[in-house]
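Participant: The following comprises the amino acid sequence and a computationally predicted model.
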Amino acid sequence: MSQQKYPEPSVGGLIFDRDDRIFLMKSHKWRDKYTVPGGHIELGETMEEALIREVKEETGFDIYDIEFLCIQEFIYSDEFWKKRHFIFFDYMCKTDSTEAQLNYEAEDYTWITLEDAFNLPLDSYTQHAVRECIKRKSN
């Protein structure tokens, strides 16, 4: 593993289906907790382009109605399988699909309401994004 020199900008998406449920996936990278799809922003890529690409790679979903949600700092958290420093740019978006085609980064997935998501073992960053989304939708 190369030594990290700078924080890595990353995107993540709370994806809503037509029934206003969110997609969460269980990932070994997050110690078998539920999280949102996402990943690194590549050189020359906008954050929205990265989100579209990462969601497609991890779930097979095409997304639309992309809306910025929040920024989170992730500094050497034990929740992740590697010692990393990330800056998360979280978004809300929609898909018309409900059957995910998971890649190697996830073992399982579910569609669940925002409120019921807290009944699952979520990583703290997903918990924060869900809380922010609930606040946004209640305004």
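Facilitator: Ah, there it is.

Participant: I'd like to know how far the residue positioned nearest the centre of the chain sits from F68.
Facilitator: The chain has V36 as the residue nearest its centroid, 2.7 Å off, counting by C-alpha atoms, centre = their mean. Distance, V36 to F68, using C-beta to C-beta, to the nearest Å: 14 Å. All C-beta spots, glycine's among them, are computed from the backbone N, C-alpha and C.

Participant: cool, N119 as well?
Facilitator: Distance, N119 to F68, by C-beta to C-beta: 27 Å.

Participant: ok, and the closest non-adjacent residue to E8?
Facilitator: F86 (5.2 Å; C-beta to C-beta, 6 or more residues apart in numbering).

Participant: centre of the chain versus stretch 12-25, how much separation?
Facilitator: A distance of 10 Å separates the centroid of the chain from that of stretch 12-25, by C-alpha atoms, centre = their mean, to the nearest Å.

Participant: To clarify, my last question referred to stretch 74-86.
Facilitator: Averaging C-alpha positions (C-alpha atoms, centre = their mean) puts stretch 74-86 15 Å from its chain's average.
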